[in-house]
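Visitor: what follows is a protein structure lacking sequence information:
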Ligand code: ASP
């Protein structure tokens, strides 16, 4: 049989039942072992790996010669017959391990230089090297597996949305500044000198416009760009599952998202129990200190402010007098913590902005705590009762402004859960967090900024508070969370121009400014805009969690490093002087673009939940 007549056999598909077949393999040499009489070449392709053997006694000399010169990562074509391996020769680690291919012919389709690292799942190559030689890194079966999963997830999301009547619509990459509150990536216009496009931070405004156009249900697996400081695992460009619905209630959004998330995670064997439980923002903050609680374990916080009011312990009194709060975390069975451990926990609390940490231990009926000197026995009892702290427990208390107190205790809660083995790693605990405040307030300037983005609708019953008490206005906004990770956020939008202008005013966006930047949306709202709402979820994050990856970079084919460079293409790179001239940019002009063209929403702080969360580090 000639090579042309034998169809190519995917290497990883061979099983015991294929014994006796003549096959043609095409793939990469994963490994060569030369035992003198026998030369083994492991052949790898997308489907997997199979062992081939060249037997000097039986194989044509030419093929043996070729096999002995084969090197890792050469691309080969091998013809041979499938033979069962003898007892004791089987490789239980390989799906193809029951057989091998006894080779009769080998041709090189391409030779490879010695790769800078071995293409194997277990690699000790640095991440820099892996990113520089990404084409080799992606050959590693473990990486390929992530992309097979990513493809399946995206496919399932599309299928669910398509079946539910969503239209996939592409929106522009070259656009103008969008409102997620991060810095824009700008692209100079050659035709309109001195003017700039911005790459979209999200398709937010376009999807709202599509609702005004009557599309009713839109979605897009959309690339978004945010020029944010790269912490940990953030990426400048990332992918969102973006959707918008006309005439929706929150329930419609929740139902749609739960349906595709359940299907998508099932691709990784992960169960998402529906309906996802719901928590109001306030509840989430009070119980867990965060708006993205990990519900795989309990460990709720308690508000101890009332219990310690009027007591003589200075840190408590000081916090309460200055409008702060006293919150506690009971760690069941935590009383065994050493002094050193308590110091570490205090340091951890401080990293999160808390002024300090007060601890109370109950051991052998004895209460020990630095707070003992400021609290009477009854007051201490009151504190223990209020937090249900009993024998063997540790109570961790932070007395501070609410922000740092909750942030610190939320971090300690996660740490205590890990330390005491309370995290059920087999579970994925999804939930919705609802009723976010519409605005946050910049502590320094006192200015209001949108907690999400400026098009988020207020709850009807809070609209009257817009001017009088903006801080109390709750938004029709929601986040979907799993295991302490925010997967996405969205809202029911403002669909009336008068309300939109009122919200702009609270945010300090003047009528002219609103018109200049979002005029097209305001116009659209004047021509019969249906009530609408939607959400966007981070696809990279979903894939990383589903794949059990520790880094977003393991589910993005060509990611950038934490300093924003692509080590393979070496982007960003210098361009030719002619290119700059053509764009009307010289060194100086490039350094300071016309201000009117590059501004982001000034009132939307880059640290608001929407922008910070979509790309929070997924490292766990
Ligand atoms: N555009 C928002 C974001 O990217 C999501 C939304 O409100 O739909 O965070």
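Guide: All right, it came through fine. Being a predicted model, the structure only gives us computed values, none of them experimental. Residues are numbered from 1 along each chain as shown.
Visitor: from here on, contacts and neighbour counts on C-alpha atoms
Guide: Will do.
Visitor: show me what residue 328 bridges to in the sheet.
Guide: On the basis of DSSP bridges, residue 328 is bridged to residue 302, residue 397.
Visitor: got a list of what it touches?
Guide: Going by CA atoms under 8 Å, 6 or more residues apart in numbering, residue 328 touches 301, 302, 303, 304, 387, 395, 396, 397, 398, 409.
Visitor: got a pLDDT number for residue 615?
Guide: Looking at residue 615, its pLDDT reads 36.
Visitor: wait, I meant residue 5
Guide: Note on residue 5: pLDDT of 72.
Visitor: how close does it get to residue 79?
Guide: Between residue 5 and residue 79 the computed distance is 11 Å (CA to CA, to the nearest Å).
Visitor: comparing those two, which residue is more hemmed in?
Guide: Using other CA atoms under 10 Å as the criterion, residue 5 and residue 79 rank with residue 79 on top: 25 against 8.
Visitor: give me the secondary structure label for that one.
Guide: Following DSSP: H, G, I helix; E, B strand; the rest coil, residue 79 is assigned to strand.
Visitor: hmm, it is touching residue 63, no?
Guide: No. Taking CA atoms under 8 Å as the definition, residue 79 is not a contact partner of residue 63, at 10.0 Å.
Visitor: give the intersection of the neighbour lists for those two.
Guide: Listed contacts common to residue 79 and residue 63 are 104, 105, 106; contacts here mean CA under 8 Å, 6+ apart.
Visitor: highest neighbour count among these?
Guide: Counting neighbours by other CA under 10 Å, residue 106 comes out on top of those with 23 neighbours.
Visitor: residue 368 contacts residue 377, correct?
Guide: No. Contact between residue 368 and residue 377 fails when scored by CA under 8 Å: they sit 11.6 Å apart.
Visitor: what about the residue of the stretch 51-200 of the chain found nearest the ligand, how many residues nearby?
Guide: Nearest residue of the stretch 51-200 of the chain to the ligand: residue 180, at 6.3 Å (CA to the nearest ligand atom). By the other CA under 10 Å criterion, the neighbourhood of residue 180 contains 27 residues.
Visitor: I figured it was touching residue 203, is that so?
Guide: No. Between residue 180 and residue 203 there is no contact, the gap being 9.8 Å when judged by CA under 8 Å.
Visitor: turn the shared contacts of residue 79 and residue 63 into a markdown table, columns for pLDDT.
Guide: As requested, those are exported to a markdown table (pLDDT from 0 to 100):
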| residue | pLDDT |
| --- | --- |
| 104 | 97 |
| 105 | 98 |
| 106 | 98 |
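Visitor: residue 67: which of those residues is nearest?
Guide: Residue 67 lies nearest to residue 106 out of those, by CA to CA, at 7.0 Å.
Visitor: ok but the closest one is inside a helix, no?
Guide: No. Counting by three-state DSSP, residue 106 is not found in a helix; it is strand.
Visitor: so it sits against residue 74, correct?
Guide: No. Between residue 106 and residue 74 there is no contact, the gap being 11.5 Å when judged by CA under 8 Å.
Visitor: report the buried residues of stretch 150-160.
Guide: For stretch 150-160, burial by neighbour count (16 or more other CA atoms under 10 Å) applies to 150, 152, 153, 154, 156, 157, 158, 160.
Visitor: now swap in stretch 556-567 and tell me
Guide: For stretch 556-567, by 16+ other CA under 10 Å, it's 556, 557, 558, 559, 560, 561, 562, 564, 566, 567.
Visitor: just stretch 217-233 next, same as before
Guide: Quick answer for stretch 217-233 (16+ other CA under 10 Å): 217-228, 230, 232-233.
Visitor: start to end distance for that stretch?
Guide: 32 Å.
Visitor: what's the answer for stretch 390-404, then?
Guide: This stretch, stretch 390-404, spans 26 Å end to end (CA to CA).
Visitor: and it, what's its mean pLDDT?
Guide: So the average pLDDT for stretch 390-404 ends up being 97.
Visitor: next one: stretch 59-70
Guide: Averaged over stretch 59-70, pLDDT sits at 97.
Visitor: what does this structure put close to the ligand?
Guide: Applying CA under 6 Å from any ligand atom, we find that the chain lies next to the ligand at 202, 204, 489, 490, 491, 534, 535, 536, 610.
Visitor: pull the contacting residues for the fifth one.
Guide: Read it as residue 491. By CA under 8 Å, 6+ apart, residue 491 lies in contact with 250, 456, 457, 475, 476, 477, 478, 533, 534, 535.
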